[in-house]
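1. Model the structure of this input:
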Amino acid sequence: MQPNLGPGEDFELLLERQVRDMQSKAAALSEALSAAGATVRSRDGSVTVTLAPNGALTNLELGHRATEMGSARLTAAIMSTVREAQRQTARSVADSFSTINGDGESTDMVRSFLPPDPPPDGDFAAPESAEPERTPPPAAPPARPPAPPAPPAAGPAPRRRPPADDHPDDESNPW
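-> This is a model prediction of the structure:
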């Protein structure tokens, strides 16, 4: 492959130009990625999550409604909000990469890792229900403890180790 040299340009200058271009792209990408985190609030305002550009959860806030939701619905609202924040963060990272690097195989590869879009209704949360959460019935009282095991049947006495002798030729034999 022939390098793309300008008129009167030598190979060393070409490499320096490419290095400066790569450094500029790397700095722009680093800046764009550092701003790629997302803060998302659930539709009803009960949950707000903040994600870092790498997808790590950095903040979780529960609104006043969260205490009224019950554990199953609150869990679903948190998960739905986190998923949306992950989608927004991943799209922001992919868009930043595409803007700086252009479209190509590497951008296609980055986009292949985007999380799936939400279902058509746009919500992963559990359906609203007027039925209150059910608590499990109390556990039955424990049954009587099992009887202790019977003592072992009388049998031969255990074998004992013979006393150690001071015979030098028996040093390798521990018995």
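
2. So T50, which state does it fall into?
-> On the three-state scheme (DSSP: H, G, I helix; E, B strand; the rest coil), T50 is labelled strand.

3. element containing the residue nearest to it when sequence neighbours are not counted?
-> Residue nearest to T50 in three dimensions, not counting chain neighbours: N59, with 3.9 Å by Cβ to Cβ, 6 or more residues apart in numbering. Backbone N, C-alpha and C define where each C-beta goes, glycine included. Here N59 sits within strand 57-62, counting by DSSP states H and E.

4. what pairs with that strand, and is each one parallel or antiparallel?
-> Strand 57-62 has its sheet partners listed here by DSSP bridges as strand 47-51 (antiparallel).

5. mean confidence score for the partner strand?
-> Strand 47-51 carries an average pLDDT of 95.

6. got the contact list for it?
-> By Cβ atoms under 8 Å, 6 or more residues apart in numbering, the residues outside strand 47-51 that reach it are 37-42, 57-63, 66, 74, 77-78, 81-82, 85-86, 89.

7. as a whole number, average confidence for stretch 94-104?
-> Rounded mean pLDDT across stretch 94-104 is 81.

8. which other residues reach it?
-> For stretch 94-104, contacts defined as Cβ under 8 Å, 6+ apart pick out 25, 28-29, 32-33, 36, 106-107, 110-111, 113-114.

9. And for stretch 29-37?
-> 50-53, 58, 89, 92-93, 96-97, 99-101.
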